[in-house]
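Trainee: coordinates only, no sequence provided:
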């Protein structure tokens, strides 16, 4: 049997198209999920870089750009998720199953982060040069403030990993079902966040990051590439449908997103720009700022490609 | 305690799709939504190739991955093993569709009739038109609860290839068939322990 007429209003990868028992490309998640996952990774890594390594990226209205950006980016990521739901007004129910659902865990972590990071940032707010809320009991390095910072940072660790864990916990789709997916999310989240520090410096908002960070950036891109390649190898050898997905990534319908997007913009171009910056001191910062932008785009493509290439294995 | 389950004898299925249609009629699903599709599969190698029909439905797994993935707790399992989706609690993340290895869950983005938004009188009377939610087979729980009837797909099958019964009763027809004919669970390696078994 063949049913295409209502493919746009109903989504089930198995019953769309011909009813043949064969590997079925998933058709339920796509660009909005890639955007949501990217926002969560970049936003959380920005905040962690801020609290762990003091990468503030400058200040706006007394609050560090890293805090502003992390709050805005994670908030936007959450809104994208809500807009993509079948019942957006029911989004608040997503806290109900944290024992087994990574989406539920992530939802709680998002809320914890937004509330605590927001509270932690507020005492630093300066309007018209006046710090009106500096009296708050958690301002500065007071114990309550440190607790907020610690809890918001812990929530960020979850936020950066949980989108990958959502995919990795799905045994139905062999390509996604790998611990290397959340590890890639970790590496790509941090390299994008660090790249944005150079962009912030280039546009004159933040200071130029210490030279120490350059080898770290190279390491993060390198480890991201390593995780990506190991993921492909693992999928290729572990499951027949995983191999089918890898073929889709390399020369199938997801080739452009993977080869030019994830590999090209996500790893090769940034690494080439970093190397070029080492030999061109006059435009070094500009090249690294471009690395920041290109890296975020590549990060998004890496997620989109893996999501799109997800394929269900035939079940009998 | 009972554990409802189904045995599907693939040797008997002739691919008439009567189960698919009976399910649709019984449950009033919207256009494009199929809770009990029958897939085709080629088996063997040339020149001894044959086409096999694969009737399916929700496997009502003992360790249901959809239930684990659902963030709102909309998916629950009854004591008799039947896994159900509460459409009023579902928020439409599609995590259950991603998690189900059997393609048993359909996300109804926009429910429509067979002729689009305008419904026929029959559709108006019978069709479930909830949009933005996940749906799946219920083992016709309303029939079981009300009168201990078999699911419509079982009752309608002309070749009796679908057999319904209590998996926990070793003397039931389903348990006997699984034991005697070496029943096979779909994607058993995932450890979901489906309540639907296949006989080849």
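Mentor: Thanks, I have the structure now. As the structure is a prediction and not an experimental result, all values here were calculated from the model.
Trainee: how about the stretch 1-150 of chain A: which residue is closest to chain B?
Mentor: With C-beta to the nearest C-beta as the measure, the residue in the stretch 1-150 of chain A that lies nearest chain B is residue A:86; the distance is 1.9 Å. Every residue, glycine included, has its C-beta placed from N, CA and C.
Trainee: residues contacting the closest residue to chain A within chain B?
Mentor: Among the residues of chain B, residue B:92 lies nearest to chain A; the distance is 1.9 Å by C-beta to the nearest C-beta. When contacts are counted by C-beta atoms under 8 Å, 6 or more residues apart in numbering or on different chains, residue B:92 touches A:85-87, A:90, B:107, B:132-134.
Trainee: for chain B, what helix or strand is lowest in average pLDDT?
Mentor: None of the helices or strands of chain B scores lower by mean pLDDT, DSSP states H and E than helix B:121-126, at a mean of 90.
Trainee: sheet partners, orientation included, of whichever helix or strand comes after that helix?
Mentor: The first helix or strand that comes after helix B:121-126 along the chain, using DSSP states H and E, is strand B:133-135. Sheet pairing here is set by DSSP bridges, and for strand B:133-135 it gives strand B:106-108 (antiparallel).
Trainee: residues in contact with the strand it pairs with: which ones?
Mentor: Outside of strand B:106-108, the residues that reach it under the criterion C-beta under 8 Å, 6+ apart are A:9-12, A:15, A:28, A:86, B:30, B:33-35, B:92, B:94, B:97, B:130-136.
Trainee: same thing but 6 Å
Mentor: Judged by C-beta atoms under 6 Å, 6 or more residues apart in numbering or on different chains, the contacts made with strand B:106-108 from elsewhere in the structure are A:10-12, B:30, B:33, B:94, B:97, B:131, B:134-135.
Trainee: before we move on, the earlier item: highest neighbour count among the contacts of residue B:92?
Mentor: Neighbour tally across those (other C-beta atoms under 10 Å in any protein chain shown): the maximum, 28 neighbours, falls on residue B:134.
Trainee: tell me the spacing between it and residue B:72.
Mentor: Look at residue B:134 and residue B:72: by C-beta to C-beta, to the nearest Å, they are 11 Å apart.
Trainee: any idea how far the least confident helix or strand of chain B is from the chain center?
Mentor: On the basis of C-alpha atoms, centre = their mean, to the nearest Å, helix B:121-126 sits 23 Å off its chain's mean C-alpha point.
Trainee: what residue ranges in chain A score low on pLDDT?
Mentor: Applying pLDDT under 70 to the predicted model, the residue ranges of chain A that meet it are A:1-8.
Trainee: show me what from it comes close to chain B.
Mentor: Proximity of chain A to chain B is confined to A:6, A:9-12, A:14-15, A:19-21, A:28, A:85-87, A:90-91, A:93-94, A:96-97, A:100-101, A:103-104, A:170-172, A:315-316 under the rule C-beta under 6 Å from any C-beta of the partner chain.
Trainee: what strand or helix carries the residue nearest the centre of chain B?
Mentor: In chain B, the centroid-proximal residue (C-alpha atoms, centre = their mean) is residue B:57; its distance is 2.0 Å. Per DSSP H and E, residue B:57 falls between elements, in no helix or strand.
Trainee: and residue B:118, what does it touch?
Mentor: Contacts of residue B:118 by C-beta under 6 Å, 6+ apart: none found.
Trainee: gap between it and residue A:212?
Mentor: For residue B:118 relative to residue A:212 (C-beta to C-beta), the value is 67 Å.
Trainee: ok, and what's touching the least confident helix or strand of chain B?
Mentor: Residues outside helix B:121-126 that contact it (C-beta under 6 Å, 6+ apart): B:28, B:113.
Trainee: tally of neighbours for the closest residue to residue B:140 other than its chain neighbours?
Mentor: The spatially closest residue to residue B:140, leaving aside those adjacent along the chain, is residue B:151, at 3.9 Å (C-beta to C-beta, 6 or more residues apart in numbering or on different chains). Around residue B:151 there are 25 other residues, counting by other C-beta under 10 Å.
Trainee: same thing with residue A:241?
Mentor: Burial of residue A:241, expressed as a neighbour count using other C-beta under 10 Å, amounts to 21.
Trainee: what helix or strand is it on?
Mentor: In this structure, residue A:241 is located in helix A:240-251 according to DSSP H and E.
Trainee: so what secondary structure elements neighbour that helix?
Mentor: In terms of contacts (3 or more C-beta pairs under 6 Å, 6 or more residues apart in numbering or on different chains; DSSP states H and E), helix A:240-251 is packed against helix A:213-238, helix A:284-309, strand A:311-312.
Trainee: export those as TSV, with columns for mean neighbour count.
Mentor: Rendered in TSV, the data for these read as follows (neighbours: other C-beta atoms under 10 Å in any protein chain shown):
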stretch	mean neighbour count
helix A:213-238	18
helix A:284-309	24
strand A:311-312	25
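Trainee: does residue A:193 sit in a helix, a strand or a coil?
Mentor: In terms of secondary structure, residue A:193 is helix; the call rests on DSSP: H, G, I helix; E, B strand; the rest coil.
Trainee: measure it to chain B for me?
Mentor: Between residue A:193 and chain B the distance, using C-beta to the nearest C-beta, to the nearest Å, works out to 26 Å.
Trainee: spit out the contact partners of that residue.
Mentor: A:42, A:45-46, A:49.
Trainee: now it: how far from residue A:71?
Mentor: Residue A:193 is 14 Å from residue A:71, where distance means C-beta to C-beta.
Trainee: residue A:87 too?
Mentor: Here residue A:87 is placed at a distance of 26 Å from residue A:71 (C-beta to C-beta).
Trainee: do I have it right that residue A:304 meets residue A:36?
Mentor: No - under the criterion of C-beta atoms under 6 Å, residue A:304 is not in contact with residue A:36, lying 11.2 Å apart.
Trainee: what residue of chain B is the furthest out?
Mentor: Centroid-distance maximum for chain B: residue B:47 at 33.4 Å, with C-alpha atoms, centre = their mean.
Trainee: just to be sure, it is in a strand?
Mentor: No - when classified by three-state DSSP, residue B:47 is found to be coil rather than part of a strand.
Trainee: residues contacting it?
Mentor: Residue B:47 makes contact with no residue under the criterion C-beta under 6 Å, 6+ apart.
Trainee: which pLDDT value goes with it?
Mentor: Looking at residue B:47, its pLDDT stands at 93.
Trainee: what's the spacing between it and residue A:20?
Mentor: Per C-beta to C-beta, residue B:47 is found 21 Å from residue A:20.
Trainee: please apply the same query to residue A:72.
Mentor: 46 Å.
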